[in-house]
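Chemist: Sequence and predicted model, in that order:
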Amino acid sequence: MANTRYTTILFFVLFWTINQGYSQNQPGTELHIKKAKGAIVLDGNIEESDWQTADVADDWYTNFPVDTVRAPFQTEARFTFDDEFFYASFVCYDDDTPDIVNSLRRDFNYDLNDNVGFTIGPYNDKINGFFFVITPAGIQMEGTVTGGGSSNDSFSAFWDNKWYSKVVRYEDKWIAELAIPFKSFRYKSDIREWNISIDRWELKRNRKTSWIRTPIQFISASFPYGGQLIWDDPIPPAKTNISFIPYVTANTSSNREVNPTIQNSDIQVGFDAKVAVTPSLNLDLTVNPDFSQVEVDDQIINLTRFEFRFPERRQFFLENSDLFDLAGFPGARPFFSRRIGLARDSVGLLQQVPISFGARLSGSLSEKWRLNILNMQTKEETSIGLPAQNYTVAAIQRNFGAQSNIAFSFVNKQSLGVESGDSLKFFSENVFRKIQVGNRTELRRNTYNRVLSVDVEAYSKDTRWYHSSYLSKSFDDFNDRENLSGLAFGSYSTRTFSAFTGFSFINEFFNAEAGFVPSARTYPGQYSFFGNLGYQIYPEKESIIRMGPTFDIQHTYIPGGTLTDRSYQLGYQFQFNNASSFQVNFNHVFQKLTNSFNLLDPSQYTGFLEGEEYNWNSFGMEYKSNPRKSFFYEISGSYGGFYNGENFNLSGELTYRYQPYGNIALRFDFNDLQLPENYGQEQLFLIGPRIDLTFTDKIFLTTYLQYNNVFDNINLNARFQWRYQPASDLFIVYTENYLPADLFSKNRALVFKMTYWLNL
């Protein structure tokens, strides 16, 4: 009888455990949203009856550092709406452990701040959408999601819009209420289900939790591991939405590198506009755009043979740019927006080119189709041999399967006014090209460059399998020879194992003048094989979350089968429970040079010659400290062979956080390059202190100081921003360049810029 009783108890315990496992929120779990019957007041208190009767997204699970337990501090999310706003509320249960708020700046660094937020897919395609995130200090961040949110690169915080929020901290929780105008984002009124993911990042505990239980190797904000928001009441029809954003800029500058000193002062006006053509299709316009408020690039020491890709920072090019940016692969992008408004002069230096106007039409045509079309017009700059140019970029994407797509894109760069007899005033590479024809060199007119591409991305339903392939063809009026590039790529990942492999090729005469092909001037055509293997171990030791080895391989050949580059990297990585990480690696490199080049000053040192072969080995390591501490840092170093000599590199960044009002950081890069005497023995270093102050959530001051002994220059950039109204700003920017020896000022500029966001 006792055995029967124990068996019965054991059966019920087992049944309860299994039932609990199946009751966990799984992908596709439904959350219903109803229209509010009363007014919602943003006061950090959800006592309104509409909040009390709303469906609750609760019973959260951890995603990181483990994915097998319920969240120790639970979160509740609720949603409702009225004719004007989409409302969200979060109850984030907590204790009195101090929150970590790294900055009061809008669009904060996600990883360095406690926060909670959600991702919505109003097209119900599990691929595209928007996210809204808020910190315990009430600081907002919003952005766009592409590719289903399956990688960190799928999330972009450069989309900017108006919405409202209120956060109140209580003893055992903090509550956030959000009100997002329906006219702030695009959606389709006739879709009754939206994709939705909800998660919370507790940096102070190094813990990620989410409404839908998500395996540790996947992103909890992604749509494949999200649910469905079911609209019980009709969605308000999308209304006419037009935003007009004029600006005025006053600037003064001086250049003391010429004699006599050149002084300039100027006042410019222009505007941006946003027009909702349809509920899900938006038209962006810009006339006489000005980007003087954009932060300067971080300087680098580039010891490779290839061009370095600096990030795009201009807002107009960043919004909704994923269809353009993801075309091709990192070694051959058909379009790179920094080619617009920048051009090389006769000695190879980049010069700014004024932009006259631009327009972009982007958004969703239907649940399956997306579109993005961009047109920009630059002005003539005869001083660097550049005519007026027009850039047209168009891409259309068709979704298929669970979360896969095929996209077609077209890039056209057209020089204007160069067909006439006076086109010799534009005598530069932008208009003329030297072409080898047999034993002779011909000078041919270069009036246009076009690239046509097709890209395919395919995910399995659980996102473990991923495939990407691409093919591009370029067209020029000076060349009709082989001009293709392409890629085939595949990956597989589980909790413990990951692998990818790929093959890419770039024909010798493939030409993407408005794109980014860093090897174009280095190889006479190329094809590459590459791959990676990784294994994750989750030890029982509490101090380590996961660790494991990685192995990378890459071989590059030129036509005819000659091996020009070979690299192997064997590494081991540790991720610690205190949010720090460490990795060590061994590298082997082989290069057979396809062109001559010089790492250092060619007037002083011997260069490396075409056809020479070099082998070397090196060791490297990287450590990132606990970012929860007020002082944190990341530092990396390497030592070993480098071509026919050796190099010791030490680089990193030190940061002190004065919460929540700002950060002081010091970035550095040091190279002790020891080559044979006639090749050069130099110590190259770069140092860049930065002060980022956020006095309030509307007033910011950022100051950079960068010294690079490679360029023998000290650069100062100070940027003050006052967000005096939502999405409206006053900027004051000061820039100066000095000679390090005597701090002689080479040039300086002061800019005042005011923008105003007006909804019509």
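Modeler: Sure thing, it's come through.
Chemist: doesn't residue 388 make contact with residue 416?
Modeler: Yes. Between residue 416 and residue 388 there is a contact under Cβ atoms under 8 Å: 4.5 Å. Heads up, the C-betas are built off the backbone N, CA and C, glycines and all.
Chemist: residue contacts, residue 186?
Modeler: Residue 186 sits next to 122, 238, 276, 279, 280, 281, 282, 363, 364 when contact means Cβ atoms under 8 Å, 6 or more residues apart in numbering.
Chemist: Which residue ranges make up each domain of the chain?
Modeler: 25-231, 527-652 (automatic domain parsing).
Chemist: Could you identify which of those domains is most buried?
Modeler: Counting by mean count of other Cβ atoms under 10 Å, domain 25-231 has the highest mean neighbour count of these, with a mean of 20.
Chemist: Next, the distance between the ends of that one.
Modeler: Between the opening and closing residues of domain 25-231 there is a gap of 19 Å (Cα to Cα, to the nearest Å).
Chemist: Pull up the gap between residue 221 and residue 214, please.
Modeler: For residue 221, the distance to residue 214 equals 9 Å [Cβ to Cβ, to the nearest Å].
Chemist: Equivalent analysis for residue 630, please.
Modeler: Taking Cβ to Cβ, one finds residue 630 at 31 Å from residue 214.
Chemist: is it possible to export the domains of the chain to TSV including distance to residue 713 and mean pLDDT?
Modeler: TSV is the format used below for these (distance: least, Cβ to Cβ, whole Å; pLDDT from 0 to 100):
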stretch	distance to residue 713	mean pLDDT
domain 25-231	28	93
domain 527-652	15	95
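Chemist: Columns distance to residue 407 on top of the ones you listed, output as TSV?
Modeler: Shown next, in TSV, are these (distance: least, Cβ to Cβ, whole Å):
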stretch	distance to residue 407
domain 25-231	11
domain 527-652	23
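Chemist: Using CSV, write down the CA coordinates of stretch 272-284.
Modeler: Output of stretch 272-284 as CSV, limited to C-alpha atoms (Å, rounded to 0.1, in the frame of the first residue of the first chain):
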residue,chain,number,x,y,z
ASP,A,272,14.6,67.2,-44.5
ALA,A,273,11.1,65.9,-44.9
LYS,A,274,9.3,62.7,-44.2
VAL,A,275,6.1,61.8,-46.0
ALA,A,276,4.0,58.7,-45.4
VAL,A,277,3.1,57.8,-48.9
THR,A,278,1.1,54.7,-47.7
PRO,A,279,0.7,53.3,-44.1
SER,A,280,3.9,51.2,-44.7
LEU,A,281,5.8,53.2,-47.3
ASN,A,282,7.8,56.4,-46.5
LEU,A,283,9.4,59.1,-48.6
ASP,A,284,12.4,60.9,-47.2
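Chemist: how far is that stretch from where the chain is centred?
Modeler: The chain centre lies 23 Å from the centre of stretch 272-284; the measure is Cα atoms, centre = their mean, to the nearest Å.
Chemist: quick one, helices of the stretch 351-500 of the chain?
Modeler: Assigned by DSSP state H, counting those that start in this stretch, the stretch 351-500 of the chain shows no helices.
Chemist: Tell me where it has strands.
Modeler: 355-364, 369-378, 389-400, 404-415, 432-437, 440-445, 448-459, 465-476, 484-493, 497-506 (DSSP state E, counting those that start in this stretch).
Chemist: The stretch 101-250 of the chain now?
Modeler: 115-121, 129-134, 140-145, 155-156, 164-169, 173-181, 193-202, 207-210, 227-231, 242-255.
Chemist: got it, and the stretch 601-750 of the chain?
Modeler: In the stretch 601-750 of the chain, the strands defined using DSSP E, counting those that start in this stretch lie at 613-624, 631-642, 645-658, 662-674, 681-694, 699-708, 713-725, 728-739, 744-755.
Chemist: Reformat the ones you listed as CSV; add distance to residue 60.
Modeler: Converted to CSV, the strands of the stretch 601-750 of the chain look like this (distance: least, Cβ to Cβ, whole Å):
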stretch, distance to residue 60
strand 613-624, 27
strand 631-642, 28
strand 645-658, 28
strand 662-674, 30
strand 681-694, 30
strand 699-708, 33
strand 713-725, 33
strand 728-739, 37
strand 744-755, 40
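Chemist: of these, which approaches residue 320 most closely?
Modeler: strand 744-755 (19.4 Å; Cβ to Cβ).
Chemist: Just the angle for the closest one relative to strand 713-725, thanks.
Modeler: Between strand 744-755 and strand 713-725, the angle comes out at 20 degrees (axes from the mean of the first three to the mean of the last three Cα atoms, to 10 degrees).
Chemist: Packing partners of strand 744-755?
Modeler: Judged by 3 or more Cβ pairs under 8 Å, 6 or more residues apart in numbering; DSSP states H and E, strand 744-755 is in contact with strand 242-255, strand 728-739.
Chemist: in the sheet, who's paired with the closest residue to residue 57 other than its chain neighbours?
Modeler: Nearest residue to residue 57, sequence neighbours excluded (Cβ to Cβ, 6 or more residues apart in numbering): residue 77, at 4.1 Å. Here residue 77 sits in beta bridges with residue 57, residue 90, going by DSSP bridges.
Chemist: so residue 77 touches residue 211, yeah?
Modeler: Yes. Using Cβ under 8 Å, residue 77 makes contact with residue 211 at a distance of 6.5 Å.
Chemist: joint contacts of those two?
Modeler: 57, 58, 198.
Chemist: Looking at those, which is nearest residue 143?
Modeler: The closest of the shared contacts of residue 77 and residue 211, once distances to residue 143 are taken by Cβ to Cβ, is residue 198, at 15.7 Å.
Chemist: Can I get the helices and strands packed on strand 744-755 in CSV including mean neighbour count?
Modeler: Listed next are the helices and strands packed on strand 744-755 as CSV, based on neighbours: other Cβ atoms under 10 Å:
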stretch, mean neighbour count
strand 242-255, 16
strand 728-739, 17
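Chemist: can you tell which of the strands of the stretch 601-750 of the chain is closest to residue 501?
Modeler: strand 613-624 (23.4 Å).
Chemist: export the closest one as CSV, just CAs?
Modeler: Extracted C-alpha coordinates of strand 613-624, given in CSV (Å, rounded to 0.1, in the frame of the first residue of the first chain):
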residue,chain,number,x,y,z
GLU,A,613,56.6,35.7,-50.3
TYR,A,614,56.3,36.0,-46.6
ASN,A,615,55.4,33.6,-43.7
TRP,A,616,55.0,34.5,-40.1
ASN,A,617,53.4,33.4,-36.8
SER,A,618,52.1,35.5,-33.9
PHE,A,619,50.3,35.2,-30.6
GLY,A,620,47.5,37.4,-29.4
MET,A,621,45.2,37.9,-26.5
GLU,A,622,42.3,40.1,-25.5
TYR,A,623,40.6,40.8,-22.1
LYS,A,624,37.5,42.8,-21.4
